[in-house]
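Asker: Quick one: sequence plus predicted model below, questions after.
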Amino acid sequence: MRLKNALLTLGAAVSLAATSLAISTAAVPASETGGLGKYDITGTYVSGLSSGGFMANQLHVAYSSLFQGAGIYSAGPYDCAQNNLSTALNACMDTFMPRKTPGELEQLTRNRAGAGQVDPPQNLSGDPVWLFHGGADQTIDRAVNNDLATYYRDFGARVAYNNTSQAGHAWVSPIGPNSCGSTSSPYINNCGNDPVREMLGHLFGAVNPATTGALTGRLIQFDQSAYVPGGNPAAASMGREGFAYVPRACESGPCKLMVTLHGCYQYYGLVGKALMDKSYLNEYADTNNMIVLYPQATTMTGNPRGCWDWWGYQSPQYPLKSGPQMTAVANMAKAMQGGGGQPTSTTQPTSTTAPTTTAPTTTTTQPTPECVTANNYAHTTAGRAYALWGQTYAMGSNQVLGLWNVYTTSSIRQTSPGYWVKC
């Protein structure tokens, strides 16, 4: 039985031929409060696991002019969920329900690019993409991960897909605290190999061995408010704190930038610096001139597990350049670039948002929506809500309306097409 109650707990692992590893066990440095500096960035990449993997794909697709490659652990293709929690759970994690085919999602991407909502998908051609799915992963079905591989290949990306490991649903690292097949907090497993090197090697072409000594860089804790549209991270289900590991060499010389996105139940407010400490990215950062940016999501109504938004719990614009979380992370990456492309003012990050249709625009151009009061069974049969495990959820917003029956009544209103909220 699928672990649905662990909604997008996180990522996965990989199988390498290494028989022994010389690894560092040094802890991540103590964080120091500061801002995101500007550096000589030679290439920007994104990685993530589970909800962070879905988010990494969204960022790579929507901002393909910014991100030059992606490493994704256990996730599905672009906008698989279609702004619907039931679809996310039953079609993009489990496969009980039908889901959009890769071809249909590819056409959706082209249509959105034509409207200026995402960058041209032609940018994906030739980009390195590294994918992973473990045999003991009972959170994301293998078929969904396969769709992601097909999606990228159809757009001409250079895909490397490791699906031979028996890892559970977790990031896999030589210094992970959990056993290989585990799916449990903090969702960082040790399978006796080094998939991080495999990922970075595919993205960069080659990598130097990870440091075996103490880390020499700085872990900077910065305020994410400056990069979130509206300046309120909590409204976007993002934490106040974000982090960036900056190796000593990157303070004065050229470096690559890796944006790494945690999975559900793995955000800073719950597990602290676990991913920063045990992902094994900083060890490679020190020896390969790579800065690692660790943005942080958090909980909010509709997102009790601190996932990144890949099904629309926070905004129906979630997979577009105009999505609040998408805009925020892109603003962070751009702000660290010493050359052109950074926001003109980090206190107004919305300046980088594409001039496309957003949720506020859609709402304000329509008359004030009227509330519809009905029993929850009637809401679902009318398409205003859906039922899952005996509960009723508003379509689009996924707000809980109560038990699914003809006796429980709720009032909801439509704020944009297919997006219903409580009155």
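Answerer: Noted; the coordinates are in hand.
Asker: V292 versus G306, what's the distance?
Answerer: Distance, G306 to V292, by Cβ to Cβ, to the nearest Å: 20 Å. C-beta coordinates here come from the backbone N, C-alpha and C atoms, glycine included.
Asker: how about G71, phi and psi?
Answerer: For G71, the backbone dihedrals are phi -120, psi 120 (criterion: degrees, to the nearest 10).
Asker: beta partners for it?
Answerer: Beta-bridge pairing of G71 under DSSP bridges involves S47, W130.
Asker: Quickly note the distance from it to Q107.
Answerer: Counting by Cβ to Cβ, the gap from G71 to Q107 is 26 Å.
Asker: neighbour count winner among these two?
Answerer: Looking at G71 and Q107 with other Cβ atoms under 10 Å, you find the greater number of neighbours at G71, namely 28 against 12.
Asker: was I right about the more buried one contacting G52?
Answerer: No. Taking Cβ atoms under 8 Å as the contact criterion, G71 and G52 are not neighbours in contact, 10.6 Å apart.
Asker: could I get stretch 141-159 in CSV with only the CA atoms?
Answerer: Output in CSV follows, covering the C-alpha atoms of stretch 141-159 (Å, rounded to 0.1, in the frame of the first residue of the first chain):
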residue,chain,number,x,y,z
ASP,A,141,5.4,5.4,-8.7
ARG,A,142,8.2,4.4,-11.1
ALA,A,143,5.9,5.1,-14.1
VAL,A,144,5.5,8.7,-13.1
ASN,A,145,9.3,9.1,-12.9
ASN,A,146,9.5,7.5,-16.3
ASP,A,147,7.2,10.1,-17.7
LEU,A,148,9.6,12.8,-16.5
ALA,A,149,12.4,11.1,-18.4
THR,A,150,10.2,11.0,-21.5
TYR,A,151,9.2,14.6,-21.2
TYR,A,152,12.8,15.8,-21.0
ARG,A,153,14.0,13.5,-23.8
ASP,A,154,11.3,14.7,-26.1
PHE,A,155,12.5,18.2,-25.7
GLY,A,156,16.1,17.1,-26.5
ALA,A,157,17.6,17.2,-23.1
ARG,A,158,20.6,14.9,-22.4
VAL,A,159,19.0,12.6,-19.8
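Asker: Renumber starting at 396 from here on
Answerer: Shifting the count to begin at 396 puts that one at stretch 536-554.
Asker: Name the residues of that stretch that are buried.
Answerer: Along stretch 536-554, the positions that meet the burial threshold by neighbour count (16 or more other Cβ atoms under 10 Å) are 536, 539-547, 550, 552-554.
Asker: Now do the contacts for the nearest residue to T693 once chain neighbours are set aside.
Answerer: Closest residue to T693 in three dimensions, ignoring its sequence neighbours and counting by Cβ to Cβ, 6 or more residues apart in numbering: G634, at 4.2 Å. Applying Cβ atoms under 8 Å, 6 or more residues apart in numbering to G634 gives the contacts 619, 628, 662-664, 691-693.
Asker: hmm, try it at 6 Å
Answerer: Shown here is G634, whose contacts under the criterion Cβ atoms under 6 Å, 6 or more residues apart in numbering are 663-664, 691, 693.
Asker: What ranges in this structure fall below the confidence cut-off?
Answerer: Across the chain, the stretches falling below the confidence threshold (pLDDT under 70) are 396-421, 734-764, 784, 791-793, 811-814.
Asker: Mark out where each domain of it begins and ends.
Answerer: Domain segmentation of the chain under automatic domain parsing yields 399-412+421-748, 761-817.
Asker: rewinding a little: can I get the contacts of G634 in CSV with distance to A425?
Answerer: As requested, the contacts of G634 are arranged in CSV below (distance: Cβ to Cβ, whole Å):
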residue, distance to A425
Y663, 14
G664, 18
Q691, 17
T693, 22
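Asker: ranges for the strands of the stretch 646-795 of the chain?
Answerer: Ranges of strands in the stretch 646-795 of the chain, per DSSP state E, counting those that start in this stretch, are 650-656, 685-689, 767-770, 780-783, 786-789, 795-798.
Asker: could I get those strands as TSV with distance to A510 and mean neighbour count?
Answerer: Supplementary listing: the strands of the stretch 646-795 of the chain in TSV, determined by distance: least, Cβ to Cβ, whole Å; neighbours: other Cβ atoms under 10 Å:
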stretch	distance to A510	mean neighbour count
strand 650-656	25	25
strand 685-689	29	25
strand 767-770	30	16
strand 780-783	27	19
strand 786-789	26	22
strand 795-798	32	16
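Asker: All set now, cheers.
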